[in-house]
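Colleague: would you be able to build a 3D model of this:
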Amino acid sequence: MTEQELEKFKEKLLESMTFPSVYMFKFIVASEHRNIALVENLFGEDTDIHTKESGKGRYISITAKQVVMNVDEVIDVYKKASLIKGIMFL
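Modeller: Below is the predicted model of the structure:
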């Protein structure tokens with residue numbers, strides 16, 4: 001995500017959410033243990049994380065529900081996630 005995209009996203013979040021809140025992050029990565037671990041490491045121990053393998057087993061969808069105190073915590077996760085090769089945001 002570019003800085004401009006993140007800024008627009010931040011504005012939308014501020015319009016639609018109140019904080020603190022539970023935010024649901026959704027990502028898709030190639031089915032490699034390293035990728036899954038990198039995404040899971042974006043979150044703390046108290047985050048509820050679920051994974052689901054695609055039909056052919058090539059991809060893993062990762063859903064993480066985390067309590068966030070402000071919009072910057074959401075943006076920070078997406079910035080860190082954008083460094084993972086091949087990650088897709090939903």
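Colleague: ends of stretch 51-64, what's the gap?
Modeller: 9 Å (CA to CA, to the nearest Å).
Colleague: which other residues reach it?
Modeller: With CB atoms under 8 Å, 6 or more residues apart in numbering as the test, stretch 51-64 has contacts from 24-31, 35-36, 39-40, 42-43, 47-50, 90. For glycine as for every other residue, the C-beta is placed from the backbone atoms N, C-alpha and C.
Colleague: could you pick out the buried ones from the residues you listed?
Modeller: With neighbours counted by 16 or more other CB atoms under 10 Å, the contacts of stretch 51-64 contain buried members at F25, F27, I28, V29, N35, I36, V39, L42, F43.
Colleague: need the contact list for the fifth one.
Modeller: For N35, the set of contacting residues under the criterion of CB under 8 Å, 6+ apart consists of V29, I60, I84, K85, G86, I87.
Colleague: from E53, how far out is the second one?
Modeller: This points to I60. Separation of I60 from E53 (CB to CB, to the nearest Å) stands at 6 Å.
Colleague: who has more neighbours, those two?
Modeller: I60 (19 against 11; other CB atoms under 10 Å).
Colleague: mind listing the strands for the chain?
Modeller: Along the chain, the segments classed as strands by DSSP state E run 21-30, 48-53, 59-68, 88-89.
Colleague: want to throw those strands into CSV with mean pLDDT and distance to L14?
Modeller: Formatted as CSV, these follow (pLDDT from 0 to 100; distance: least, CB to CB, whole Å):
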stretch, mean pLDDT, distance to L14
strand 21-30, 97, 12
strand 48-53, 96, 24
strand 59-68, 97, 12
strand 88-89, 92, 18
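Colleague: quick one: furthest residue from the center of the chain?
Modeller: Ranked by distance from the centre of the chain (CA atoms, centre = their mean), the top residue is K56, with 22.7 Å.
Colleague: any idea how far stretch 67-80 is from the chain center?
Modeller: 9 Å (CA atoms, centre = their mean, to the nearest Å).
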